[in-house]
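Asks: how would this look folded up:
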Amino acid sequence: MDRALSAPGKLFVSGEYAVLWGGVARVAAVAPRTEAYVRRREDARVHVCLEEGTLAGSVTPKGVRWAREVPQGFLFVARALDEALRAHGRASQGFDLAIAPSAVGPNGQKLGMGGSACATVLAAEGARYVLEERHDTLKLALLAHTLGQGGKGSGGDVAASFAGGVLRYRRYDVSPLVDASNGGRLGAALVESPSVDVWRLPVPRVAMAYAFTGESASTKVLIGQVEARLEEVGRRAFVARSDTVGQSVEEGLAGGDFRAFTEAVTAQHALLLELGPLETEAMRRVLSMASAYGCAGKLSGAGGGDGCILFAPDAEARAELCKGLEARGFHTLLLEPESGVRGETHVDARLRAWMDALV
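Replies: Okay, here's the model as predicted:
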């Protein structure tokens with residue numbers, strides 16, 4: 001039994017930080033996609049093949065018994081496999097899982113499009129398939145990714161990679177699942193727990209793009225810094241304002257008055273900057289150019305690097321903006337909403353080769 005899979009990356013459209021504190025985020029699932037390949041074994045061994053190398057172990061009802069300490073680069077995938085086996089809750093055959101590296105920019109830096117969340121979703125869905133389970137992959141991936149981040153993160157990136165499209169999302173409380181996992185009741189808890197608050201929005205009628213600034217940022221570190229500066233009362237006030245602006249952004253995605261939409265996007269960006277120095281000089285240059293081309297934009301994600309999501313009234317204006325940005329050294333991507341995690345008919349040759357090389 002084997003299966004090829006792929007899942008998209010993500011970009012936040014609105015609601016960054018607010019979603020951590022009970023607010024609503026809008027998140028887009030976007031290319032480039034990441035591919036994976038999973039294959040069941042005849043024995044009880046497990047192998048995870050990544051670009052960094054291979055991690056081996058053996059299956060148990062309480063997770064994988066890894067042969068060595070899990071390296072940082074394998075952390076999210078390993079956690080997803082552990083939780084999938086805990087949800088399964090009984091002896092099973094082993095399997096091998098290979099996941100391609102996430103996309104990088106021209107200089108080899110990560111693009112900041114949710115690579116760890118995408119890998120977590122692929123691992124959770126791949127394990128569910130070979131274990132022949134019917135549990136909720138999204139809930140399990142949210143659990144694994146939250147644990148991998150030490151409790152930080154909203155899960156919006158996980159939801160986008162799983163469900164696809166442009167989503168309205170509210171943070172899911174995984175603490176009951178954590179307790180259930182520790183108590184040997186994860187399979188039942190995945191069935192009994194509330195549904196994830198996620199809704200797919202209509203396909204945007206504005207053209208979207210992404211500009212990478214050439215600087216990568218640590219989401220976990222930035223979240224910690226912001227939360228250390230903002231007390232509970234301030235967080236509640238921020239969430240109320242963010243939700244109001246986010247609703248205007250959502251309405252603007254449907255088309256109509258692009259000027260009003262630009263004002264909403266600009267307001268969302270300005271609101272994020274109230275949290276601290278999240279905007280870099282490169283971001284300022286990108287957004288200044290977007291304005292000069294009659295387009296709109298904002299930082300996407302935690303800030304401090306990575307890039308900006310850009311909006312244009314039509315495809316022609318988007319093409320001109322991206323051409324101008326590329327001429328000034330910025331890496332750009334044209335964006336269209338992508339479908340969520342899915343099976344593929346073709347196996348990435350690299351992934352098959354990694355797996356065939358296993359002893």
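Asks: where's the most centrally placed residue in the chain, which helix or strand?
Replies: The centroid of the chain falls nearest to residue 157 when counting by Cα atoms, centre = their mean (2.6 Å). Using DSSP states H and E, the secondary-structure element containing residue 157 is helix 156-163.
Asks: Count the residues that sit near residue 318.
Replies: 22 (other Cβ atoms under 10 Å). To be clear about C-beta, it is placed using only N, CA and C from the backbone, and glycine gets the same treatment.
Asks: can you check residue 170 too?
Replies: Residue 170 sits with 19 neighbouring residues when counted by other Cβ under 10 Å.
Asks: Wait, it touches residue 24, no?
Replies: Yes: Residue 170 lies in contact with residue 24 (Cβ atoms under 8 Å); the separation is 5.5 Å.
Asks: Not counting stretch 289-298 itself, show me its contacts.
Replies: Outside stretch 289-298, the residues that touch it by Cβ atoms under 8 Å, 6 or more residues apart in numbering are 14, 211, 258, 261-262, 265-266, 268-269, 272, 286-287, 308-313, 317-318, 320-321, 324-325, 328.
Asks: so how far is that stretch from its chain's centroid?
Replies: On the basis of Cα atoms, centre = their mean, to the nearest Å, stretch 289-298 sits 25 Å off its chain's mean C-alpha point.
Asks: can you check stretch 94-112 too?
Replies: The answer for stretch 94-112 is 13 Å, by Cα atoms, centre = their mean.
Asks: Okay, and the beta partners of residue 49?
Replies: Beta bridges link residue 49 to residue 54, residue 98, judged by DSSP bridges.
Asks: Hmm, it is touching residue 98, no?
Replies: Yes: counting by Cβ under 8 Å, residue 49 does reach residue 98; the two are 3.9 Å apart.
Asks: With neighbour numbers in mind, choose between those two.
Replies: residue 98 (28 against 24).
Asks: Can you name the residues that contact the more buried one?
Replies: Counted by Cβ under 8 Å, 6+ apart, residue 98 has contacts 36, 37, 38, 48, 49, 50, 350, 351, 352, 354, 355.
Asks: go again using 10 Å as the cut-off
Replies: Taking Cβ atoms under 10 Å, 6 or more residues apart in numbering, we find residue 98 in contact with 4, 35-39, 47-51, 54, 122, 126, 347-348, 350-356, 358.
Asks: What degree of burial does residue 75 show, as a neighbour count?
Replies: Residues near residue 75, counting by other Cβ under 10 Å: 17.
Asks: Nearest spatial neighbour of it, chain-adjacent residues omitted?
Replies: residue 148 (5.3 Å; Cβ to Cβ, 6 or more residues apart in numbering).
Asks: Buried only: go through the contacts of residue 98 for me.
Replies: 4, 35-39, 47-50, 54, 122, 126, 347-348, 351, 354-355 (16 or more other Cβ atoms under 10 Å).
Asks: now, which of those lie within strands?
Replies: 4, 35, 36, 37, 38, 39, 47, 48, 49, 50, 54 (DSSP state E).
Asks: correct me, but residue 151 touches residue 173?
Replies: No: here residue 151 lies out of contact with residue 173, judged by Cβ atoms under 10 Å, at a distance of 11.3 Å.
Asks: Buried only: go through the contacts of stretch 289-298 for me.
Replies: 14, 211, 258, 261-262, 265-266, 268-269, 272, 286-287, 308-313, 317-318, 321, 325.
Asks: Following the longest helix seen in the chain in sequence, what is the next regular element?
Replies: Secondary structure of the chain per DSSP state H: the longest helix is helix 232-253. Using DSSP H and E, the helix or strand that follows helix 232-253 towards the C-terminus is helix 258-273.
Asks: in the stretch 51-200 of the chain, which spans are helices?
Replies: For the stretch 51-200 of the chain, the helices defined by DSSP state H, counting those that start in this stretch cover 75-88, 115-130, 137-148, 156-163, 175-182, 186-192.
Asks: which of the ones you listed sits most buried?
Replies: Among the helices of the stretch 51-200 of the chain, ranked by average contacts under mean count of other Cβ atoms under 10 Å, first place goes to helix 156-163 (a mean of 30).
Asks: what residues does the worst-scoring helix or strand of the chain on mean pLDDT touch?
Replies: Scoring the helices and strands of the chain by mean pLDDT, DSSP states H and E places helix 219-229 at the bottom, with a mean of 80. When contacts are defined by Cβ under 10 Å, 6+ apart, helix 219-229 is touched by residues 16-17, 20-21, 112, 114, 116, 149-154, 157, 218, 235, 238, 272, 275-278, 301-306.
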